[in-house]
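# test case, fold it:
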Amino acid sequence: MKENFDKCLKMLLAHEGGFVDHPDDPGGMTNLGVTKKVYDEWIGRESTEQEMRDLTPEDVGPIYKKNYWDRIKGDSLPSGVDWCAFDWCVNSGKSRPSKAIQRAVGATQDGAIGPATIGLIMEKDPEEIINYVYGVRQDFYKSLKTFETFGRGWTRRNKETLHQALEMV
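Residues are numbered from 1 along each chain as shown. Modelled structure (predicted):
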């Protein structure tokens, strides 16, 4: 829902935390969940480590809105569905949550949420969609080679997102 972006951004930033540069994380240097690559593309040049360390919620909010929320059509999704899709989109890209939602509602799984998918979403119980996305997301995490390293955190995040999303319905 359109009015949910700020609330969802606040929850997302709590999940993402601060500056990290873990050697096993393919995203590399990251702050507030924004990778150096994404930030460099956003500002149109290469950033320094200090710039990455200094990022604020005000710096990254517009990136999350344009690159993630808008791409999963967050303004058009029911409350709760928007949050579970947004959080997973940030964590794993737009296609995975979009396809999971499309499977949940019987839409063509093309990874792009459009008017046909939105129509089918509106006919379905949001709790069913949220629970389905939770399961698909957890199975995806378990399939990754880095699950041993990051699995506990991903599982905690996925469970927290599930509970928060269900509370929003």
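
# now the helices for this protein?
5-16, 36-43, 49-53, 57-64, 81-92, 95-105, 115-122, 126-142, 147-168 (DSSP state H).

# got those helices as JSON lines, with distance to G27 columns?
C-beta: built from backbone N, CA, C; applies to glycine. What follows is the helices of the chain, written out as JSON lines (distance: least, C-beta to C-beta, whole Å):
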{"stretch": "helix 5-16", "distance to G27": "11"}
{"stretch": "helix 36-43", "distance to G27": "8"}
{"stretch": "helix 49-53", "distance to G27": "12"}
{"stretch": "helix 57-64", "distance to G27": "14"}
{"stretch": "helix 81-92", "distance to G27": "10"}
{"stretch": "helix 95-105", "distance to G27": "15"}
{"stretch": "helix 115-122", "distance to G27": "28"}
{"stretch": "helix 126-142", "distance to G27": "15"}
{"stretch": "helix 147-168", "distance to G27": "11"}
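
# tell me which of these is the most buried.
For these, the largest average neighbour count (mean count of other C-beta atoms under 10 Å) is found in helix 81-92, namely a mean of 26.

# helices and strands around it, which ones?
Here helix 81-92 touches helix 5-16, helix 95-105, helix 126-142, helix 147-168, going by 3 or more C-beta pairs under 8 Å, 6 or more residues apart in numbering; DSSP states H and E.

# the inter-axis angle of the shortest one versus helix 115-122?
Translated: helix 95-105. Our comparison of helix 95-105 with helix 115-122, counting by axes from the mean of the first three to the mean of the last three C-alpha atoms, to 10 degrees, yields an angle of 60 degrees.
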